[in-house]
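Asks: mind folding the following:
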Amino acid sequence: DELLKQGDVMQALRELFRKGMQNREGMQLTGLRDLMERLKNQRRQQLEQHNMDSVVDDLKERVEQILRTEREGIDRRLAQAQEQMDQSSPDQSSPDHSSDEEREQQEGLYRMLEQRAQRNLEKLDALPEGLSGQIQGLMEYDFIDPEAQQMFQELLDLLKSQMAQNISQQMQQQVQSMSPEEMAATAEMMSQLNQMMRDKMAGREPDLDGFMQQFGSMFGPNPPQSFDELLERLKEQLAQMQSMLESMSPEVRQQLEEALRAALDPAL
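Replies: The predicted structure follows:
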């Protein structure tokens, strides 16, 4: 077909290489265009995998540094306590009852610290190998070294920030993909919810049954069974939303707000 159309054998062969062809058995022979597309997809997958591996490797390195800092801090704390106890040791040539009491007190504090350090080291040794399990274990761990504790808090803040950013992107995509019908249904749901609140404040019984018959699918597989339960869920969701917004960077929060303003009806 290409030869008859172009009248050029080389041009027809170039098109054959580029587009591929189908043989008599119906098998499609891949052309250069399809091969290039497959290579692009594989390259994109490799880059995404590499980026994810880099993120996980960075988190593992941070956790290992936290554990190393905590262990070194425990050893340093024990050494300092031992040194203080040695310095308070009484002079045998001039016995002093007050010095003996101070010595006993120092020894008691050292034993308590030693026991706590031993418990902490056992907890560190018992942490699972997986990154998720280690982070979960450290969340329930009582740090001795303040620097290690600060490093772990910074790690948690980083994870919260990244999670908030991902949630922000998902929310933007969901809002921007809402159809006019879905947006109208959401606006109607909010309008009726406000009316039920006004009824409740005025002493009238809100029509929860009618509301849930119309909008129950928006509240998941376990919709609230009473108006008070509905309000409690809304309060929890608002608190979660506020916490997420506060954990976002100003730039990400501004992007989300701009996306909401652009996508949603002003009244909604």
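Asks: any idea how far Q237 lies from R62?
Replies: Counting by C-beta to C-beta, to the nearest Å, the gap between Q237 and R62 amounts to 31 Å. For glycine as for every other residue, the C-beta is placed from the backbone atoms N, C-alpha and C.
Asks: which one's more surrounded, those two?
Replies: Applying other C-beta atoms under 10 Å to Q237 and R62 shows that R62 carries more neighbours, namely 17 against 10.
Asks: pretty sure that one sits against Q153.
Replies: No - R62 is beyond contact range of Q153, at 11.7 Å (criterion: C-beta atoms under 8 Å).
Asks: show residues contacting the strand or helix carrying S132.
Replies: S132 is part of helix 131-139, with elements assigned from DSSP states H and E. If you take C-beta atoms under 8 Å, 6 or more residues apart in numbering as the criterion, helix 131-139 is touched by 56, 59-60, 63, 66-67, 123, 126-128, 152, 155-156, 159.
Asks: cutoff 6 Å now
Replies: With C-beta atoms under 6 Å, 6 or more residues apart in numbering as the test, helix 131-139 has contacts from 59-60, 63, 127, 152.
Asks: can you check stretch 162-171 too?
Replies: Stretch 162-171 has contacts (C-beta under 6 Å, 6+ apart) with 244, 247-248, 252, 256.
Asks: sort out for me which of those residues are in helices.
Replies: Of the contacts of stretch 162-171, the ones assigned to helices by DSSP state H are 244, 247, 252, 256.
Asks: so can I have a markdown table of those residues showing pLDDT and distance to G31?
Replies: Shown next, in a markdown table, are these (pLDDT from 0 to 100; distance: C-beta to C-beta, whole Å):
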| residue | pLDDT | distance to G31 |
| --- | --- | --- |
| M244 | 74 | 48 |
| S247 | 71 | 49 |
| V252 | 73 | 43 |
| L256 | 74 | 43 |
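Asks: one step back: beyond the helix holding S132, next helix or strand please.
Replies: Downstream of helix 131-139, the first helix or strand assigned by DSSP H and E is helix 146-176.
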